[in-house]
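Q: Here is my input; please provide its structure:
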Amino acid sequence: MNENKLSEYQQMETSNQKPGFFKSILKLIRPAQWIKNFFVFAPVIFGGALFNISAMIAGLITFFAYSFAASSIYCFNDIHDVEDDRRHPEKCHRPIASGAISVVQAYGLMTLMFLLSMGASALVILVNDATSTYQAAGVILFYWLLNLAYCAKLKQFAIIDVCIVAFGFVLRLLAGGFATDIHLSKWIVLMTFLITLFMSFAKRRDDVLRMEETGKAPRKNTIRYNLTFINQAITITASVTLVCYIMYTVSPEVIAQFHTDYLYLTSIFVLVGLLRYIQISVVDKKSGNPTKVILKDHFTQLVVLAWLIAFVIIIYVF
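A: Predicted coordinates for the structure are as follows:
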């Protein structure tokens, strides 16, 4: 009888451990961060192919291919930074640093995510049999290799680190364009780089504030930033982003493509969105996690939704 109870207890212990392990896996691959990869749909939206089923399917598969590649990088990043994370007051709770997942298991998960990414990239080629789809797979592979270098060394260099992060979003845009065989405007490419560079500087501002409060740099390159530089960088990138967007909306090629000259009206939402993000960064001092801002700040969500609705109505209705 006691042995049966002991057996039942052990089974309960095992069943209680499994959800924790799978939760740690999810925490390691960070599916919440996949929201960044919605940039692959930008060519579909800006290219007027929102109701093109084949383009949407190709975009969706590319989204998952990019997301799996990003999760593979998250695994490598946590493996590489495990010792630093263990000394960090917040990052010490990450799966590898806390011991919930071993380094060997993390390498296995990293490899699995990479293989899933390449498999999804191959699927895009089958769905949309165009030469450009091979380029989409190449872009995702290049993103993976670039970010391996970023995690291993390049993120230690100030300015270079934020430029690589911003360039990663340009690669998302290019992957979506190649996968759907949609030509991208040079203004969209520039604007994507600028707005993500703006958000990256805002994120670094949070690191600088933490360094000034604690006397310890959260990142090795944080000592190469200060509030004066960060504030000026945020102002410059936000200003150039707005100008670039306005130039996009009034460019002859865009007016000819969409047969409307009313797109400039959506600039209002871009301006309000940038101001709100600056407010969150400078006033609220909560710009350390851009994904969290987008997922939790209702004002930002409303502005993005209003911009998207206005953009779609102007393109597809008028």
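
Q: For the protein, which residue occupies the most central location?
A: Nearest residue to the geometric centre of the chain (C-alpha atoms, centre = their mean): Lys36, 2.9 Å.

Q: Quick check, that one in contact with Thr291.
A: Yes. Using C-beta atoms under 8 Å, Lys36 is in contact with Thr291, at 6.8 Å. Heads up, the C-betas are built off the backbone N, CA and C, glycines and all.

Q: mind checking how far the residue nearest to the centre of the chain is from Ala166?
A: Distance of Lys36 to Ala166, given as C-beta to C-beta, to the nearest Å: 12 Å.

Q: Go through stretch 122-136 and flag the buried ones.
A: Neighbour-count burial for stretch 122-136, with 16 or more other C-beta atoms under 10 Å as criterion, is recorded at Leu123, Val124, Ile125, Val127, Asn128, Ala130, Ser132, Thr133, Gln135, Ala136.

Q: if we look at the host helix or strand of the second one, which residues are touching it?
A: The reference is to Val124. Element membership for Val124, per DSSP states H and E: helix 103-127. For helix 103-127, contacts defined as C-beta atoms under 8 Å, 6 or more residues apart in numbering pick out 25, 28-29, 54, 57-58, 61-62, 64-69, 71-72, 75-76, 78-79, 82, 95-96, 101, 133-134, 136-137, 140-141, 144, 179.

Q: buried stuff in that helix?
A: Residues 105-106, 109-110, 113-114, 116-118, 120-121, 123-125, 127 are the ones in helix 103-127 that count as buried (16+ other C-beta under 10 Å).

Q: what ranges of the stretch 101-250 of the chain fall below the confidence cut-off?
A: 129-130 (pLDDT under 70).

Q: residue ranges of the helices in it, please?
A: Along the stretch 101-250 of the chain, counting by DSSP state H, counting those that start in this stretch, helices occupy 103-127, 131-152, 160-180, 186-214, 227-250.

Q: Looking at those, which one is packed in the most?
A: helix 160-180 (a mean of 23; mean count of other C-beta atoms under 10 Å).

Q: And it, what does it pack against?
A: Where contact means 3 or more C-beta pairs under 8 Å, 6 or more residues apart in numbering; DSSP states H and E, helix 160-180 is packed against helix 42-46, helix 53-80, helix 131-152, helix 186-214.

Q: If you drop the residues flanking it in sequence, what lies closest to Ile314?
A: For Ile314, ignoring the flanking residues on the chain, the nearest one in space by C-beta to C-beta, 6 or more residues apart in numbering is Tyr262 at 5.2 Å.
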